[in-house]
Each structure stands twice: as structure tokens, then as C-alpha cells.
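In: dropping a prediction and its sequence here:
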Amino acid sequence: MELGVLDTCFIINWARFRLREDIKRIFRRVVLVEPVLGEVKDTAAITLIGEWLAANYATIYPLTSDLEAHARRLVEISITLGFAPIIDFPEAYALVISLELGGVLVTDNKAPKRLSELVSRGVRRLVEVLRDFPYDLGSSRIMDAVDVLLRIYGKERLLEVADMYTRDTGIVFSRRRLRDALEGRQRTG
Amino acid sequence: MPWRDARELVRAAARVGLVLDEREAEKLLRKWAEEDEEARRIRRENADWDFIERQEERVRAALKFLVETGDLRTAAKLAGVSVGEMDRLRMKAGIPIVV
């Protein structure tokens, strides 16, 4: 099983999902980076994180100066590229930590996936952009809530649990995203 | 979509040293634009516009921005609240996060 590095929006919503403990079926452990933890004020999410920390299922990854510098570089790159939304620092740091630990970034934000897609599909040649960036962005593994539900419950139950997830969290899955997932065109990290 | 066309993305990429294939960039932009348009339509259709219009100016602006972009973090900054608080406002306003 893998290591999941969770972003803010994902953990806030996942904490409201009635089957939230099922995430343990796909991640042996989850990591919350300090800047993400700082953004979480929601009671349900804080309660869940507290329980997971107490059970030694979750770990908090602190800020370190060298990894923070890599994350700030990612933010700068997304700004220069004109991404909207840009990759914010907390999710950039979570992405760097997922690369550092060989884990999967779990986020419902599109920007990290798109940056990875751009680097893996659109680039003919890298010149200097990632000269001081020691990770292969194009091979970063990023999952969103659809990927997580699919991985846990499989295609057979995807529509059923997606509907349940929507009722619990207010997250809506686009038809295109669900169709792609059911047809096996999703990126699952 | 922040780029007018693939050429603009290619130029932006060149500024950070990425050399993009224009045809690949075009394909990605088309795919992303379609995704964004569908997500925007779902948010607009589901939003409780009466609730949004009843909010004080800063929160109202943030919620409208959220409907258009789906960008929760920036919406929280606009409203001057935490991401968690913005997410609660989002739910009250019936604005779905579209994945």
C-alpha cells in the first residue's frame, strides 16, 4: 500500500464522508504537511486528523528550508506559466513532500495535475526551468476524490459511492470525469 | 482559461525555460477549457443565488468568484476567512466543488 499526502480541500471534505475510514484500504499511512494543517479549521477534519494522529495512521511533515525552497519554486513556475488558479504554497509543499517520500498527492485542485500533465505531455525539451528542482514533475502521482473512490471501491460501486460522497460533502463529479474513470482513462497516480 | 491560445502558453512556458510543442499545448488547452466550462456550468446551476446576494459585500464577491473559478483558496483570501470557513460558506451557498 502507498503513502498518501493529503491537501487541505480533500481532507476537509473527506472528513465529512461517512465511509472516511475506508481510505485505510489504499493508503498504509497518510501525511499532512504543516502548511496544510495550518489551513484546516473545520471541526470534523480536525477531529479526524486528531484520531488518525493518535492511532499513528497520520503523520505531520514539518517545514524544512530546502524543501520549502522547492515548493516556492513550484509556485513561481505556476505563476510565470499563467496558471489560474496558481499552485498555492501549501499544495506545492504537499506535492514536493509526495515526491520526496515517493507517495501520492491527494488533491481536488486541478493545478498540480495540470502542471504535471504539461511537463509530462507538452514538453519537448527542458532547458533551465527545473535545474534546481531535484524531482521529476512529469512522473508525479496525483489523485483526486474520483481516483480515491475508484481505487477503494472499484468500477462496480463507483457511481453509488460517488453519489453518497456528493450527498455528504457537496462535491459534484463531472459526467466527463466519471465516464473517463469508468472507461479507465483516469490518472490514478 | 488564462491563456488566449496555445501560442500564449508556449510563450509563457518559454519564459521559465520550458519548450512546448504547440500542437500538444493546443490539445491540453482544449481539454482544460472543456473541463473548466463544464465545472463552471455545474456551479452556476447549483448555486443558491438568493443566499449569495444576501451576503455582505466581501463574502458576496468571494462567492461569485468561487462560482466562476472554483478556486477555494483565493476565495477565502478575498473573503478574509480561513479555507475551512470558506468551505462552510460554499456549502451554505450550494456551490459544489466539481471534480
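Out: It's in.

In: and the gap between B:F51 and chain A?
Out: 13 Å (C-beta to the nearest C-beta, to the nearest Å). The way it works is simple: take the backbone N, C-alpha and C, and place the C-beta from them, glycine included.

In: so that residue is in which element?
Out: helix B:49-54 (DSSP states H and E).

In: what helices and strands are in contact with that helix?
Out: With contacts defined as 3 or more C-beta pairs under 8 Å, 6 or more residues apart in numbering or on different chains; DSSP states H and E, the packing partners of helix B:49-54 are helix B:57-69.

In: what pLDDT, on average, does whichever helix or strand comes after the helix it packs on get?
Out: Following helix B:57-69 in sequence order, the next helix or strand is helix B:72-79 (DSSP H and E). The average pLDDT within helix B:72-79 is 92.

In: got the angle for helix B:72-79 vs helix B:57-69?
Out: Using axes from the mean of the first three to the mean of the last three C-alpha atoms, to 10 degrees, one finds that helix B:72-79 and helix B:57-69 are set 160 degrees apart in direction.

In: is helix B:72-79 anywhere near chain A?
Out: Yes. Against chain A, helix B:72-79 shows contacts by C-beta under 8 Å from any C-beta of the partner chain at B:L72, B:R73, B:T74.

In: can you get me a residue count around the spatially closest residue to the last one that is not a sequence neighbour?
Out: If the residues on either side of it in the chain are set aside, B:T74 comes closest to A:P85, at 6.1 Å by C-beta to C-beta, 6 or more residues apart in numbering or on different chains. Summarising burial for A:P85: neighbours were counted as other C-beta atoms under 10 Å in any protein chain shown, giving 19.

In: equivalent analysis for the one 5 residues further on, please.
Out: The local packing count at A:P90 equals 23, with neighbours defined by other C-beta under 10 Å.

In: which residues touch it?
Out: Each residue near A:P90 by C-beta atoms under 8 Å, 6 or more residues apart in numbering or on different chains is listed here: A:D7, A:T8, A:V33, A:P35, A:V36, A:G38, A:E39.

In: show me what contacts the fifth one?
Out: Going back to what we said before, that points to A:V36. A:L6, A:D7, A:T8, A:I11, A:P90, A:E91, A:Y93, A:A94.

In: hmm, which two among the residues you listed are most spread apart?
Out: A:I11 and A:Y93 (14.4 Å; C-beta to C-beta).

In: measure the residue nearest in space to the middle of chain B to A:A55 for me?
Out: For chain B, the residue nearest the mean C-alpha position is B:T69 (1.7 Å; C-alpha atoms, centre = their mean). Distance of B:T69 to A:A55, given as C-beta to C-beta, to the nearest Å: 37 Å.

In: before we move on, what about A:F133?
Out: The value you get for A:F133 to A:A55, if C-beta to C-beta is used, is 34 Å.

In: and those two? Which one has more around it.
Out: When neighbours are counted by other C-beta under 10 Å, A:F133 and A:A55 differ, and A:F133 comes out ahead with 16 against 9.

In: please verify my assumption that that one contacts A:E76.
Out: No. Using C-beta atoms under 8 Å, A:F133 is not in contact with A:E76, being 10.7 Å away.

In: the closest residue to B:F51 other than its chain neighbours: what's it in contact with?
Out: Nearest residue to B:F51, sequence neighbours excluded (C-beta to C-beta, 6+ apart): B:A93, at 5.1 Å. Neighbouring residues of B:A93 by C-beta under 8 Å, 6+ apart: B:A47, B:D48, B:F51, B:I52, B:Q55, B:L63.

In: what of B:E22?
Out: B:A6, B:R7, B:V10.

In: how far away is A:A69 from chain B?
Out: 16 Å.

In: do A:E156 as well
Out: In terms of C-beta to the nearest C-beta, A:E156 sits 20 Å off from chain B.
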